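**Q** Sequence plus predicted model, see below.
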Amino acid sequence: MEQPQERISETSAAQPCPGGCSEYHALSRRGFLGRGAGVTAAAVVAPAWVPRVGMSPNGPARDVLLNVYLRGGMDALTAVPPYGEPELYVQRPNVAVPPPGGANTALDLDGFFGLAPAAAPLLTPWSDGKLAIVHACGSPLGSRSHFDEQAFWELGIPGQPLGTETSGWLARHLQNEPPVQLTPLRAAAMERLMPRVLVEAPDTLPLGEPATFRLPGNPATEAARRSTIEAMYAGVSPPLGSAALSTFDVIDLLATINFENYQPANGAVYPETVFGRKIRNAAALIKAQVGVEAIAVDLDGWDHHDTQGPLDGVFAALMGDLALTLEAFYLDMGLGMDGVVVAVQSEFGRRLAENGSLGTDHGYGGALFVMGGHVNGGQVITNWPGLDPGVLVGGDLGITIDYRDVLGEILAVRMASSRLDLVFPNYTPTFPGVVF
Amino acid sequence: MLVQRATQGFSLAEYHRARDMGWQAWLDWQLEPEAIADPAADDRLRPLRSLSMTPYQLAIEYQDAAAFQPVVELRSAFVFRSLLSQRQLHERMVEFWTDHFNTYHLDGFLYQLKTVEDREVIRGHALGNFGAMLRADAHGAAMLWYLDNYNNVVGAAQENYARELMELHTLGVRGPYTEQDVKEVARCFTGWTAVFQYAASYGNFVFAPGYHDDGGKLVLNNLVPPGGGVTDGEFVLDLLAGMRETAEFVGGKLCRWLVGYDPPPAVKTEVADAYMATGGDIKAMVRAAFRQRSAAELLRDFTPKLKRPSQFVFGLLRASSAKILLPNLPVYDLFVMGQLPYDWIAPNGYPDAIEAWGSSVLPRWDFASRLFGRQMYGVDVNLELLFAPVGGLQRPRLAEQIDEILTGGALSQAEFDEIDRYLASRPRLDESTIREGFALAASAPSYQMY
């Protein structure tokens, strides 16, 4: 018999915690342990499951997209501080990562940008040239509302009235392209609710915890009950009807994958966090090669108005969770990263000037992290606008690269998208050279 | 089915009561929750001692390993009230306002302060006056903490509360405010804080004049003269609560909750008018939303909505007269379905949208199967009890009886036929088959809607 209450409290307590929870301090310290230096070197043979290599009968091969959304407005000026800008430290006397030099300072990336120390695990893919950072990037509207900006971002229609488009940009990509292989699960969310980016996507479900995705009840009557439910849902309009029918096929599909005892490769260790668990499940799903083309995962809790803690507080803890998990995923995939692209996004960056409560308010320009085998990595890709008061946009870092440029390039170059005009209506992306 | 929109889920008993009383009389009765005796819920709430404690009592009573106890008890209270309270419309409104003024339970002091917020802000005003609830919320330690206003100080105001106050609580994101208004409102609320030390005054509102920006402000074209102190914020709250845009935004959201995802503009206008005519009386808004309608108007206005997990779980437990020996399991199932009580991190609350919940059907089938299949430790469904209101089990009419018990006879013909066919295909109509019949009916598409 399960012990539900314990499971709930454990799981919930591991959720990000905007006010600052003790578990995050523990987590951030743990963040610096156990990084497997040079572990990737062990993966010298391409694993049999590498998803991209010439396997698609339906046109060009495609990467699997792991679409990570950081909800709450991730502070790009803390994650990837432009430490070469004196104005950063003028505007943020208390909430800034110090320039490189000594303990708990920025990790230098290129002599101008650094990385928050909590993001140190990201140096593993960075130094392999598999991680790029796109800075001063974002969605142009600038409403500074979480919910508006997340909606516009995920629908792919910033500036157009909400309601004119109901499907997510990733959903439209999947609608427009034939599947890589016949599968009931072209895309999945490792979430319990469907994220907007996948709303109306074909053959797509939110899986929650995929290890428990099965029909309950007496096995002897399962087939009969199943056909009764199937018959009841036939012809029912989406999302209920389509979700119900694909649920059965996905039950069968996931039964062939051992999520519970999944063993990451190359000594990778995923953090014991909700996010770590989601990405671990995503890795298992990708390696199973069942035709999944995209996976959406959320990490919430980035709205750090108060006591942001870039070095040892809430931000550091959350960033530690993100970076450790992405590093584990990177190591786990090994050469399989060749067929995978990870795009980490957030609805906006945060204001340049800190506020009076050791935090930062809603801003404008942010940063995207893009990781993968065909990423032009090891560099910060940017048309850096600077932080001088005259170039700020309402007190915030500007946007010189539209997020659709980055996502559009990933779709076109790595996912064989033929109809970017439908994915991002009324917008023509300019590729910034993030992937090849 | 208006009863479903006004309760935490269909039960045959409530349906019969509303039918016998007449809809408007039932509504009048439900709109005076204080006058409704509630012994069944009270019995289950009595052992949950944390519910009635002050912040300081909570802090000293529940320390260290016991710190999570108030969280567990508040979640349990949500389950018991939703299932057992006779004040069903009140509970329905409590859920609405809990999302409207969302705070996150596991945010530090909220372990304790959420209990107080739920009791004094949400439950205290759920059918009261909107402006009064808004003011109570703004002064409440829970919101001051969650949206960080407790630390909003002169010279470097922080905008978190100011923005969500206008975007989420009152005017809506399309409301008539600018970025400059956000900054000015943030200045008005500088110095608004609360006691966050474990002292007798823990959780009390405090205005700290030394941290208040006493300069003049311009809020939505209204001059706020210098030297106003705490009245700056009070002025903003009154201003917002009195605006037509607030009536339209809050009223529109309430219509979405009670009437349909996209209610006719005329219905929304009536509800906003009721708000403006009464200065924000919530009962008047609910009455306007539920006003007497012709059969044709009912069909036009009350379009089907997807049950959120709470409505599905509570509805099924209510309809099945399930005996809850422990509250934990229904809470666990809400977690699996993505709606653990008070666990939505962002300030906009759990969504009320089919796009968000409609692709996740398996957890619902799973819940129905385990509930009726007696695989749910701590919850029991007794068949004899279940069939009593329909005159006892009559095997030849089984599908019909299941439909009557769970929905009042609202399954579609096709669904009914499928369940009937399933039952007919079994070798015997034994207890486990009957239980499977219930689970299948609760898994039907129309059962997910209300």
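**A** Cool, the structure landed. Numbering: from 1, shown residues only, chains lettered A, B, ... in the order given.

**Q** Which part of the stretch 51-200 of chain A gets nearest to chain B, residue-wise?
**A** For the stretch 51-200 of chain A, the residue closest to chain B is residue A:192, as judged by CB to the nearest CB, at 3.0 Å. C-beta here means a position set from N, CA and C on the backbone, and glycine is covered the same way.

**Q** So for that residue, what pLDDT did the model give?
**A** Per-residue confidence for residue A:192 comes out at a pLDDT of 93.

**Q** Show me how far the longest helix seen in chain A is from its chain's centre.
**A** Longest helix in chain A by number of residues (criterion: DSSP state H): helix A:314-333. Between the mean C-alpha point of helix A:314-333 and the mean C-alpha point of its chain there is a distance of 11 Å (CA atoms, centre = their mean, to the nearest Å).

**Q** strand partners of the helix or strand following that helix, parallel vs antiparallel please.
**A** Proceeding N to C from helix A:314-333, the next assigned helix or strand is strand A:340-346, under DSSP states H and E. Within its sheet, and counting by DSSP bridges, strand A:340-346 is paired with strand A:64-71 (parallel), strand A:366-372 (antiparallel).

**Q** most packed of those?
**A** Comparing the strands paired with strand A:340-346 by mean neighbour count (mean count of other CB atoms under 10 Å in any protein chain shown), strand A:366-372 ranks first with a mean of 27.

**Q** Show residues contacting it.
**A** For strand A:366-372, the surrounding residues in contact (CB atoms under 8 Å, 6 or more residues apart in numbering or on different chains) are A:63, A:73-74, A:76, A:79-80, A:122, A:125, A:130-138, A:326, A:330, A:337, A:340-349, A:377, A:397, A:403, A:406, A:410, A:414, A:434-435.

**Q** Would you list the phi and psi of residue A:406?
**A** phi -70, psi -50 (degrees, to the nearest 10).

**Q** name the helices or strands packed onto the helix or strand harbouring residue B:283?
**A** Secondary structure assignment for residue B:283, by DSSP H and E: helix B:282-289. Where contact means 3 or more CB pairs under 8 Å, 6 or more residues apart in numbering or on different chains; DSSP states H and E, helix B:282-289 is packed against helix B:88-100, helix B:244-258, helix B:265-278.

**Q** mind redoing it with 10 Å?
**A** In this structure, helix B:282-289 packs against helix B:23-30, helix B:88-100, helix B:130-139, helix B:244-258, helix B:265-278, with contacts taken as 3 or more CB pairs under 10 Å, 6 or more residues apart in numbering or on different chains; DSSP states H and E.

**Q** Pick the most buried one from those helices.
**A** Mean neighbours per residue, mean count of other CB under 10 Å, is largest over these for helix B:88-100, with a mean of 23.

**Q** Need the three-state assignment for the spatially closest residue to residue B:67 that is not a sequence neighbour.
**A** Nearest non-adjacent residue to residue B:67, counting by CB to CB, 6 or more residues apart in numbering or on different chains: residue B:111, 6.0 Å away. Of the three states, residue B:111 takes helix according to DSSP: H, G, I helix; E, B strand; the rest coil.

**Q** mind listing what residue B:111 touches?
**A** A:21, B:58, B:59, B:62, B:67, B:68, B:69, B:70, B:71, B:74, B:105 (CB atoms under 10 Å, 6 or more residues apart in numbering or on different chains).

**Q** Those residues, buried ones only, as a PyMOL selection?
**A** Here the buried members of the contacts of residue B:111 are turned into a PyMOL selection, burial being counted by 16 or more other CB atoms under 10 Å in any protein chain shown:
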select buried, (chain A and resi 21) or (chain B and resi 58+59+62+68+69+70+71+74+105)
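
**Q** thinking again about what came up before, quick one, phi/psi of the residue of the stretch 51-200 of chain A closest to chain B?
**A** Note on residue A:192: backbone dihedrals following degrees, to the nearest 10 are phi -90, psi -20.

**Q** element containing the spatially closest residue to it that is not a sequence neighbour, please.
**A** Sequence neighbours aside, residue B:338 is the residue nearest to residue A:192 in space, at 3.0 Å (criterion: CB to CB, 6+ apart). For residue B:338, there is no host helix or strand (DSSP H and E).

**Q** List the buried residues in stretch A:406-421.
**A** Buried, per 16+ other CB under 10 Å, within stretch A:406-421: A:406-417, A:420.

**Q** Switch the residues you listed over to TSV; also include distance to residue A:222.
**A** As requested, the buried residues of stretch A:406-421 are exported to TSV (distance: CB to CB, whole Å):
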residue	distance to residue A:222
A:406	45
A:407	41
A:408	44
A:409	46
A:410	41
A:411	40
A:412	44
A:413	44
A:414	40
A:415	37
A:416	38
A:417	39
A:420	44
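
**Q** Could you tell me the average pLDDT over whichever helix or strand comes after the helix holding residue B:283, please?
**A** The C-terminal neighbour of helix B:282-289 among helices and strands, as given by DSSP H and E, is helix B:295-301. Model confidence over helix B:295-301 averages 94 on the pLDDT scale.

**Q** repeat for stretch A:393-412
**A** With pLDDT averaged residue by residue, stretch A:393-412 scores 97.

**Q** how far is that stretch from where the chain is centred?
**A** Between the centre of stretch A:393-412 and the centre of its host chain there is 16 Å, according to CA atoms, centre = their mean.

**Q** about what we covered before: if I pick the residue nearest to residue A:192, what's in contact with it?
**A** Residues near residue B:338 by CB under 10 Å, 6+ apart: A:191-194, A:206, A:208, B:308-309, B:344, B:350-351, B:356-357, B:360, B:363.

**Q** Residue B:186 now?
**A** Residue B:186 makes contact with A:355-356, A:361, B:149, B:152, B:156-163, B:165, B:213, B:217, according to CB under 10 Å, 6+ apart.

**Q** among these, which ones are buried?
**A** Neighbour counting over the contacts of residue B:186 (16+ other CB under 10 Å) leaves A:355-356, A:361, B:149, B:152, B:156-163, B:165, B:213, B:217 as the buried ones.

**Q** Let's see which of the residues you listed end up in strands.
**A** Secondary structure of these is defined by DSSP state E; positions in strands are residue B:217.

**Q** Let me know the next secondary structure element after the one helix or strand in chain B whose mean pLDDT sits lowest.
**A** Using mean pLDDT, DSSP states H and E, the weakest-scoring helix or strand in chain B turns out to be helix B:328-336, at a mean of 88. Scanning forward in sequence from helix B:328-336, with DSSP H and E defining helices and strands, the next element found is helix B:354-357.

**Q** residues contacting residue 434?
**A** Chain wasn't specified; assuming chain A. By CB under 10 Å, 6+ apart, the contact set of residue A:434 is A:132-134, A:137, A:341, A:343, A:368, A:370, A:372, A:374-377, A:379, A:381, A:401, A:405-407, A:409-410, A:413-414.

**Q** meant chain B actually
**A** B:372, B:383, B:386, B:387, B:393, B:395, B:398, B:401, B:402, B:423, B:426.
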